[in-house]
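Student: No sequence on hand, only this structure:
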DNA sequence: CGATCAGTTGACTAATTTCAACTTCAGTGG
DNA sequence: CCACTGAAGTTGAAATTAGTCAACTGATCG
């Protein structure tokens, strides 16, 4: 595992991160800890499965996927990390996932050690750290239900609604920075199934497709009903 | 372990928890917090999905399942909690899962609030609480890989090896206090598939069956290879 | 402007579920 | 004490879902 597995476009690209200084100081969201700004190229690895887990990261712009591969190549994507989100808590000593940039991405990295130290005297930080972990756990639990018991259509509908919640641009518009293959590996399906299900949802009038990476939710009711969530 | 409590039949039962006082004081595993001992009958509910999450619990004897149901009856079991394990962190405000006793069970309950307060001045407690959460997260991540990408045989083999690790009685003997249906809902399969796969593993010489709830691992090599884990 | 890779669609296959019959087992209750 | 009872478990055949293989389309980059 862990060779350069690129997923979308792979040709050499020129300038990126236009006006961003390569190093900058950012406040951690939860503690009085200074972080270091890092710029990552699309498809570049941020950390590797099994490597020593020394830092956590906050996404400023771009997007990240955390993924795990089996020896025979089967792959699972743990989560898509979007701007504002934090990742890197996958494992106690060493990382369970590999983290890769879905697009050119700017992150801030914080040493775990420093964060843990900071929580020693900062109760607010300690609490928000705990909440962050409990949030990850909740997300994992919802995901396990999806993977264990939902059908392909339900999984895709749930995913679209989740992405819609998380990215909220123009109302109804969902931007998917990842490939169909990434979505499939996130939902425990194949890329063909994802593609077919999206076509089916379009047929039903639940969504419209505008290129491969922009989807508009035409009928949130239908989508929500299809997703199998408890919602009204 | 070894409570001699009946595990699978459900007719009305008389005396249980023979010599245990109904209330006893126990130390939390991670903090200077006192807990209350509680005895639960088989199939009784400990807390309900959606209820306010005020306490966490440590299992002393017996076993617990945490499960989530969809409206149409599909069910998923989040985890089987065995003696020594802690549960109740499923959700920030309210519980994501319902927790039920798999057998007559003795627990100790601790108020979340008290634990959080205790970590304020006890750094060791704070750290072990964080580790406990990270552990749950790791378990969830392994489980997501299993649910997203493993075949039925791989899931069952992985489950058996995990239970073997966790219960380690006589070498090679695994005690399964839950029904096939419970196992199926834990692994995202049907009870028939679980049954078939177990028969298949027996055929292959990987395991032997001694009644429905005791399994001996006859060939750990085979089982490990089948499980699809990275192991040698 | 053509090479390449993402995405879509179709036909077929494989894995798992569903439905159904049958067996086993533990705990009564006669 | 032992036959009865009902749930749990096993097994088989048919049905269904999603996966695999393959052809084709379309977009993007050099």
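Tutor: Sure, I can see it. Keep in mind that what you see is a predicted model, and the values were worked out from it rather than measured.

Student: Please tell me I have it right and residue A:205 contacts residue A:219.
Tutor: Yes. Counting by Cβ atoms under 8 Å, residue A:205 sits close enough to residue A:219 to count as a contact (5.8 Å). All C-beta spots, glycine's among them, are computed from the backbone N, C-alpha and C.

Student: With neighbour numbers in mind, choose between these two.
Tutor: Counted by other Cβ atoms under 10 Å in any protein chain shown, residue A:205 and residue A:219 do not tie: residue A:219 has more neighbours, with 16 against 10.

Student: surely the more buried one meets residue A:201?
Tutor: No. Contact criterion Cβ under 8 Å: residue A:219 and residue A:201 do not qualify, at 9.5 Å.

Student: who touches both of these two?
Tutor: residue A:207 (Cβ atoms under 8 Å, 6 or more residues apart in numbering or on different chains).

Student: Poorly predicted segments of chain A, please.
Tutor: A:1-24, A:231-232 (pLDDT under 70).

Student: show me where it has helices.
Tutor: For chain A, helices defined by DSSP state H occupy the ranges A:112-121, A:123-149, A:152-167, A:180-187, A:191-203, A:220-227.

Student: how much space between the most centrally placed residue in chain A and residue A:137?
Tutor: Among the residues of chain A, residue A:80 comes closest to the average C-alpha position under Cα atoms, centre = their mean, at 1.1 Å. Counting by Cβ to Cβ, to the nearest Å, the gap between residue A:80 and residue A:137 amounts to 17 Å.

Student: Then residue A:29?
Tutor: Counting by Cβ to Cβ, the gap from residue A:29 to residue A:137 is 18 Å.

Student: How is chain A divided into domains?
Tutor: If you go by automatic domain parsing, the domain ranges for chain A are A:22-140, A:150-227.

Student: Rebuild those domains as a markdown table, extending it with distance to DNA strand C.
Tutor: Listed next are the domains of chain A as a markdown table, based on distance: least, Cβ to the nearest atom of the strand, whole Å:
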| stretch | distance to DNA strand C |
| --- | --- |
| domain A:22-140 | 9 |
| domain A:150-227 | 3 |
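
Student: how about those domains, which one is nearest residue B:181?
Tutor: With respect to residue B:181, and counting by Cβ to Cβ, the nearest of the domains of chain A is domain A:150-227 at 18.7 Å.

Student: what about the closest one, distance to the chain center?
Tutor: Mean-position distance between domain A:150-227 and its chain equals 15 Å (Cα atoms, centre = their mean, to the nearest Å).

Student: What is the end-to-end distance of that domain?
Tutor: Start-to-end span of domain A:150-227 (Cα to Cα, to the nearest Å) is 8 Å.

Student: who's in contact with the residue lying closest to residue A:113 once chain neighbours are set aside?
Tutor: Closest residue to residue A:113 apart from its sequence neighbours, by Cβ to Cβ, 6 or more residues apart in numbering or on different chains: residue A:54 at 7.4 Å. Each residue near residue A:54 by Cβ under 8 Å, 6+ apart is listed here: A:111-113.

Student: Same question for residue A:65.
Tutor: Residue A:65 sits in contact with A:77-81, A:99-100, A:102, A:178, A:182, A:186, where contact means Cβ under 8 Å, 6+ apart.

Student: same thing but 7 Å
Tutor: Taking Cβ atoms under 7 Å, 6 or more residues apart in numbering or on different chains, we find residue A:65 in contact with A:77, A:80, A:100, A:102, A:178, A:182.

Student: Tell me the bridge partners for it.
Tutor: Following DSSP bridges, residue A:65 is listed with bridge partners residue A:80, residue A:100.

Student: Run a quick neighbour tally on residue A:165.
Tutor: By other Cβ under 10 Å, 9 other residues sit near residue A:165.

Student: gap between stretch A:75-90 and the chain center?
Tutor: Worked out by Cα atoms, centre = their mean, stretch A:75-90 lies 4 Å from the chain centre.

Student: Identify all contacting residues around it.
Tutor: Residues contacting stretch A:75-90 (Cβ under 7 Å, 6+ apart): A:53, A:55-61, A:63-69, A:96-97, A:99, A:132-133, A:136, A:166-167, A:178, A:182, A:185-186, B:134, B:137, B:141, B:144-145, B:148-149.

Student: Show me which of those residues are buried.
Tutor: Restricting the contacts of stretch A:75-90 to buried positions leaves A:53, A:55-60, A:63-69, A:96-97, A:99, A:132-133, A:136, A:178, A:182, A:185-186, B:134, B:137, B:141, B:144-145, B:148-149, with burial counted as 16 or more other Cβ atoms under 10 Å in any protein chain shown.

Student: and residue A:228, what does it touch?
Tutor: Residue A:228 sits next to A:150, A:154, B:70 when contact means Cβ under 7 Å, 6+ apart.

Student: one step back: what's the spacing between the residue nearest to residue A:113 and residue A:111?
Tutor: Residue A:54 is 6 Å from residue A:111, by Cβ to Cβ.

Student: same question, residue A:88
Tutor: 11 Å.

Student: more crowded one of the two?
Tutor: residue A:88 (23 against 15).

Student: Residue A:105 against residue A:62, yeah?
Tutor: Yes. Using Cβ atoms under 7 Å, residue A:105 is in contact with residue A:62, at 2.8 Å.
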